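S.K.: The following comprises the amino acid sequence and a computationally predicted model.
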Amino acid sequence: MVNLQDLPLELLQGILSFLANNDDNAIDKIDDLYNICLVSRKFREFAQPLLFRNFTDDVKTGHNKTIRFTKAIYERPDLGEHIHIKFYKGIIKDLQLGDVEKEWILSMENNVLGVLIASLVAKTPNLRHLQMPRADSHSYAGAFPFFLSRHPSFLSNLTSLSIEHDGADTAVNLPYYHQFLSLPKLKSVVIQGSMLSDKSFPSSWTPGTLSADEFSFQECHFVPGALRKFMRACMCLKSFTYIKFDVDPNQRMFNHLSQDHPEFNAAQATEEALQHKDTLEVFSVETATHKRCSYVDVEDTRVKYGSFADFSVLKTLVVSHAYLPAHPQLPATLEKLHISNCDSSIWEMARNISTDCKKGLYPQLTEVKVSTLDFIVPLKLPGRQIPEDQSPQQCLLSLQDMFKGTNVKFDIWSYRLPPPWEEDEEDEEDEEDEEDEY
């Protein structure tokens, strides 16, 4: 009978590596790795590094897990080389930091998480994905440059960065993150709660210097000149997302900036994005309208998006209804169109798009989805009347009938209800016993 421990090392490593893959059974697999570590020193030697490929900490479970994780990294620095993903939430304390120990321990006592994250990241040269709370962004200006200037390998393999909004009313200047966004291998960036102006634009972001090709800015505020410079700084932009819309107007962070620091408009967004017309696959810009206007007011006063026809590889387009022309000019490559924050009749626009589809202008288009605060509003004819002898459900069917004979599925949904095309997901919160997992 063959003993599992007698198998060749390469085969044994291959078997254990299957347990480190991220999938629906990841929790069970992690538990299996913990148990394997207890079998023998040999098994622990192979299994323990696999535990460090993906680390997740949640404030709901306390901070002991992070403290044990940090301790293990500093006791065995070689484990840091195996870390590919790290996700932090909460306050972490009690880490020795050498020459800057006193200063940074004081910062940690004041709940400054950035210095600790930077210290731990310095021990993980193969880190590829990093997600951090925006709450400690001001500490990044000191903590992260400390390592970036002293250690060439610091974050050198980072490909994905996400900085979360902490719910505060104030915004952080995007230049705080300029060294992050300038990392050579960075490809995907998500930033919440930041602003970018002409005056604060980083001088190091010259044309073609940013290697990331996917940017998502949520609850951010860009002035026109800053957007122009940013688009030029991007080397090869494939995805651009800019979301500044919330169902609750009171939750919109930058309402107070609109007058003194006007945001770029729809026409400017189209014009600047044209710099990447041959690489841009996703263009998503959702901004709030200041008030609900009559149909005539919407058409006469709001600056509209220009033509998207010149975008040669664009597949997904997400834009606010108020700024999309009644007869939009779309690219032949488009597959998905999402018209967001619809605050007036959709009939004319739907008729024009369906007519163009039947003419063969959009052979790849399969989805047209309209989102709205009030499900009834898009169904009304210009003049705000539901067609006679039709219920709202019948109106929706009439709109969907416009697309018969095409590949397009047309739908309308309200922000107050789950999207009809998405399955409801059950939230599972499992409380784990605190044990020394590492």
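M.R.: That came in fine, so what should we check first?

S.K.: Now do the same contact list for the closest residue to T206 other than its chain neighbours.
M.R.: Nearest non-adjacent residue to T206, counting by C-beta to C-beta, 6 or more residues apart in numbering: A233, 6.8 Å away. For glycine as for every other residue, the C-beta is placed from the backbone atoms N, C-alpha and C. Residues in contact with A233 (C-beta atoms under 8 Å, 6 or more residues apart in numbering) are 205-210.

S.K.: what are the phi and psi angles of A233?
M.R.: Torsion angles at A233 (phi, psi; degrees, to the nearest 10) stand at phi -70, psi -30.

S.K.: Roughly how far does it sit from K244?
M.R.: Computed as C-beta to C-beta, to the nearest Å, the A233 to K244 distance reads 20 Å.

S.K.: same check, this time on P175
M.R.: P175 sits 19 Å away from K244, taking C-beta to C-beta as the criterion.

S.K.: And the helices in the protein, which stretches?
M.R.: For the chain, the helices defined by DSSP state H cover 9-17, 26-37, 41-51, 64-75, 101-109, 114-121, 137-148, 178-181, 224-233, 266-273, 295-301, 347-358, 392-401.

S.K.: Compare the ones you listed and say which comes out lowest on pLDDT.
M.R.: Lowest mean pLDDT within those: helix 295-301, at a mean of 42.

S.K.: re earlier: between the contacts of A233, which is closest to V121?
M.R.: Within the contacts of A233, proximity to V121 (C-beta to C-beta) peaks at L210, which comes in at 20.5 Å.

S.K.: Which pLDDT value goes with the nearest residue to S354 once chain neighbours are set aside?
M.R.: Closest residue to S354 apart from its sequence neighbours, by C-beta to C-beta, 6+ apart: M402 at 4.0 Å. Predicted confidence (pLDDT) for M402: 97.

S.K.: Also the one 3 residues further on?
M.R.: Confidence per residue is given as pLDDT, and for G405 that number is 95.

S.K.: Touching stretch 193-207 from outside, list them.
M.R.: The contact list for stretch 193-207, computed with C-beta under 8 Å, 6+ apart, reads 134, 165-166, 168, 171-178, 181-182, 217-223, 225-227, 229-230, 232-233, 253-254, 257, 261.

S.K.: Can you list the buried residues in that stretch?
M.R.: Of the residues in stretch 193-207, 193-197, 201-202, 205 count as buried by neighbour count, 16 or more other C-beta atoms under 10 Å.

S.K.: With respect to K238, which of those residues is nearest?
M.R.: Nearest to K238 among the buried residues of stretch 193-207 is W205, at 18.2 Å by C-beta to C-beta.

S.K.: The closest one and Q179, how far apart?
M.R.: For W205, the distance to Q179 - C-beta to C-beta - is 11 Å.

S.K.: So for C357, what's the nearest residue that isn't a sequence neighbour?
M.R.: Nearest one to C357, counting by C-beta to C-beta, 6+ apart, is T406 at 4.3 Å.

S.K.: For that neighbour, grab the count of nearby residues.
M.R.: T406: 19 surrounding residues under other C-beta atoms under 10 Å.

S.K.: just D278 next, same as before
M.R.: For D278, using other C-beta under 10 Å, the count is 12.

S.K.: For R351, give me its contacts.
M.R.: Neighbouring residues of R351 by C-beta under 8 Å, 6+ apart: M402.

S.K.: can you pull the buried residues of stretch 317-334?
M.R.: 317-324, 326, 328, 330-331, 333-334.

S.K.: how about those residues, which pair is most distant?
M.R.: Spanning the widest gap among the buried residues of stretch 317-334 are A322 and T333, at 25.0 Å by C-beta to C-beta.

S.K.: out of the contacts of A233, who's nearest S307?
M.R.: Once C-beta to C-beta is applied, the member of these that ends up nearest S307 is P207, at 24.4 Å.

S.K.: Next one: the closest one from R228, what distance?
M.R.: Separation of P207 from R228 (C-beta to C-beta): 11 Å.

S.K.: Could you do P392 as well?
M.R.: 43 Å.

S.K.: Looking only at neighbour counts, state which of these two leads.
M.R.: Using other C-beta under 10 Å, the more surrounded residue of P392 and R228 is R228, with 18 against 14.

S.K.: What residues does that one make contact with?
M.R.: Going by C-beta under 8 Å, 6+ apart, the list of residues near R228 reads 268, 272.

S.K.: go on, E388?
M.R.: Shown in contact with E388 (C-beta under 8 Å, 6+ apart): no residues.

S.K.: cool, S320 as well?
M.R.: 245, 266, 285-289, 339-341.

S.K.: Just the ones of the buried residues of stretch 317-334 in strands?
M.R.: In this view, these that belong to strands under DSSP state E are 317-320.

S.K.: out of those residues, which one sits closest to E271?
M.R.: Closest to E271 out of these is V319 (14.3 Å), distances taken as C-beta to C-beta.

S.K.: Can you name the residues bridging to the closest one?
M.R.: V285, I339 (DSSP bridges).

S.K.: and if you look at V368?
M.R.: Residues in a beta bridge with V368, per DSSP bridges, are L337, F410.

S.K.: Also V190?
M.R.: Beta-bridge partners, per DSSP bridges, of V190: S162, S216.

S.K.: Tell me who's in contact with it.
M.R.: V190 neighbours (C-beta under 8 Å, 6+ apart): 161-163, 216, 218.

S.K.: Let's see the PyMOL selection covering just the buried ones among those residues.
M.R.: A single PyMOL command selects the buried members of these (16+ other C-beta under 10 Å):
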select buried, resi 161+162+163+216+218
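
S.K.: Format the contacts of V190 as CSV; extra columns: pLDDT and distance to S239.
M.R.: Shown next, in CSV, are the contacts of V190 (pLDDT from 0 to 100; distance: C-beta to C-beta, whole Å):
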residue, pLDDT, distance to S239
L161, 93, 14
S162, 91, 14
I163, 86, 17
S216, 97, 8
Q218, 91, 13
